[in-house]
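1. Got a predicted model here, sequence first, then my questions.
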Amino acid sequence: MSEFTGKVAVVTGAGSGIGRALALNLARQGAKLALSDMDSVGLAETVRQARALGAEVKDDHLDVTQREAVFAYAEAVVAHFGKVNQVYNNAGIAYHGEFEKSEFKDFEKVMDVDFWGVVNGTKAFLPHLIASGDGHLVNISSLFGILSMPGQSAYNSAKFAVRGFTESLRQEMLIAKHPVKVTCVHPGGIKTAIARNAIAGPGEDLATFSDFFDRKLARTSPEDAARTIVNGVRKSKARVLIGADAKFLDAWVRLVGSGYQRVVAIIAGRVMPKSNAK
């Protein structure tokens, strides 16, 4: 028996990567799962594995950018399980491209999924987390919610916004004395398909960039990431850093302040794949 046994946990973006690893970690600990994703095939595989571990699972196709659908989904989950104890707002997409050459539609798509998807999920489920008397909200930001990178202005914007939103909400829960703990998660490079499934700006060679990410930056497995997140939830941490890269760079940014920007620009200009945009 663990403190997760019998708890109802909602995981968005559960079809692959950190979302799948979270679902399976929670399944092993006896949680009941509400899993969703846009990828029906990937979600079905996660559900299969979770049920093989003995978990009770409700699975749904869900677009987190569709606010009315997210609210309806929250009501359906509560109707099915009778309560919700934990929400992991994990669904997200990546984008690579220089802002000068990026189109508004791509920038907006990243914000819609990575920021508004988190806000939608939080707003829809927060009353139910409060009503549970034992709620925990986990929002997935990124290492790029701690420091910025060239070519990542859209993703940085969304992930910094998730961080600010989550930290503010945590303070509100403390002031109101609501029975809801709030955690913001900052993964570093994780061995998932997020870079390969990213969208890219004009002239960007996505295959080269994703290969660079996979070879040079992705160091932590999704399973290790999920284990770290669950341990953070168990310990009621406000912030969870995943990977040695996230821990080192978080400390470095706090130490050098805004001076990190010039250093990153120099290093990135030397080692990152170059854009072909004119």
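-> Perfect, I can see it now.

2. distance between whichever strand or helix holds residue 139 and the chain's centre?
-> Using DSSP states H and E, residue 139 sits within strand 135-140. Centre-to-centre, strand 135-140 and its host chain are 10 Å apart (CA atoms, centre = their mean, to the nearest Å).

3. contacts for it?
-> Residues outside strand 135-140 that contact it (CB atoms under 8 Å, 6 or more residues apart in numbering): 18, 84-90, 92, 118, 122, 125-126, 128-129, 162, 165-166, 169, 178-185, 187, 229, 232-233, 236. Bear in mind the C-beta positions are built from the backbone N, C-alpha and C, glycine included.

4. what's near enough to touch the nearest residue to residue 39 once chain neighbours are set aside?
-> Counting by CB to CB, 6 or more residues apart in numbering, residue 15 is the residue found nearest to residue 39 once chain neighbours are left out, at 3.9 Å. Residue 15 makes contact with 37-43, 45-46, according to CB under 8 Å, 6+ apart.

5. quick one, phi/psi of residue 15?
-> Here is the backbone geometry of residue 15 (degrees, to the nearest 10): phi -80, psi -10.

6. just so I have it, where are all the strands in the stretch 51-200 of the chain?
-> Applying DSSP state E, counting those that start in this stretch to the stretch 51-200 of the chain gives strands spanning 57-61, 86-89, 95-96, 135-140, 180-187, 199-200.

7. Any of the contacts of strand 135-140 buried? List them.
-> 18, 84-90, 92, 118, 122, 125-126, 128-129, 162, 165-166, 169, 180-185, 187, 229, 232-233 (16 or more other CB atoms under 10 Å).

8. Who does the strand holding residue 139 pair with, and is each partner parallel or antiparallel?
-> Strand 135-140 pairs in its sheet with strand 86-89 (parallel), strand 180-187 (parallel), by DSSP bridges.

9. and residue 253, which of those strands is closest to it?
-> strand 180-187 (11.2 Å; CB to CB).

10. Which residues does the closest one contact?
-> 18, 126, 129-130, 135-143, 145-146, 162-163, 166-167, 169-170, 173, 220, 225, 229, 232-233, 236-243, 246, 250.

11. Out of these, list just those in helices.
-> 18, 126, 129-130, 162-163, 166-167, 169-170, 173, 225, 229, 232-233, 246, 250 (DSSP state H).

12. Okay, now the unreliable bits of the chain?
-> 1, 192-218, 273-278 (pLDDT under 70).

13. pretty sure residue 253 contacts residue 148?
-> No: contact between residue 253 and residue 148 fails when scored by CB atoms under 8 Å: they sit 9.6 Å apart.

14. Can you add distance to residue 267 and give the strands paired with strand 135-140 back as TSV?
-> What follows is the strands paired with strand 135-140, written out as TSV (distance: least, CB to CB, whole Å):
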stretch	distance to residue 267
strand 86-89	31
strand 180-187	20
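
15. Report how many residues lie close to the nearest residue to residue 148 once chain neighbours are set aside.
-> Once flanking residues are discounted, residue 148 sits nearest to residue 156: 4.6 Å by CB to CB, 6+ apart. Around residue 156 there are 20 other residues, counting by other CB atoms under 10 Å.

16. Residue 39: how many residues sit nearby?
-> Count around residue 39 with other CB under 10 Å applied: 16.
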